[in-house]
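K.L.:
structure here, sequence nowhere to be found:
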């Protein structure tokens with residue numbers, strides 16, 4: 001008879017699913033910072049159809065009108081970021097390069 005050791009709660013842990021859940025949380029939070037909410041996002045287990053080796057994030061059903069609203073919000077944010085970058089570059093004073101003479105170890109100051 002084979003001797004089997006007892007298990008604990010970690011027996012049921014799934015590090016791959018935890019990784020997918022953490023990735024999903026990061027995505028949702030990043031999109032929410034832009035004012036975009038994906039309500040139907042889910043984690044799907046590995047399957048032969050989409051990804052046989054890892055969990056996938058299903059972004060859920062997105063109606064065309066919702067997709068257009070989300071895209072407009074993201075575009076507004078990226079346009080504003082680009083405007084700020086351009087304004088920041090234009091407002092920054094030019095860098096002045098100061099050339100220093102090398103000191104000779106043999107000369108006296």
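P.N.:
Thanks, I have it. These numbers come from a predicted model, not from an experiment.
K.L.:
quick check: pLDDT value at residue 61.
P.N.:
The model reports residue 61 with a pLDDT of 89.
K.L.:
shaky segments in this structure?
P.N.:
50-51, 90-109 (pLDDT under 70).
K.L.:
could you pick out the longest helix of it?
P.N.:
Criterion DSSP state H: the longest helix present in the chain is helix 64-91.
K.L.:
mind checking how far that helix is from the chain centre?
P.N.:
How far helix 64-91 lies from its chain's middle: 17 Å, per C-alpha atoms, centre = their mean, to the nearest Å.
K.L.:
and stretch 21-34, how far out from the chain's middle?
P.N.:
7 Å.
K.L.:
apologies, that question was intended for stretch 63-82.
P.N.:
From the chain centre to the centre of stretch 63-82 is a distance of 17 Å (C-alpha atoms, centre = their mean).
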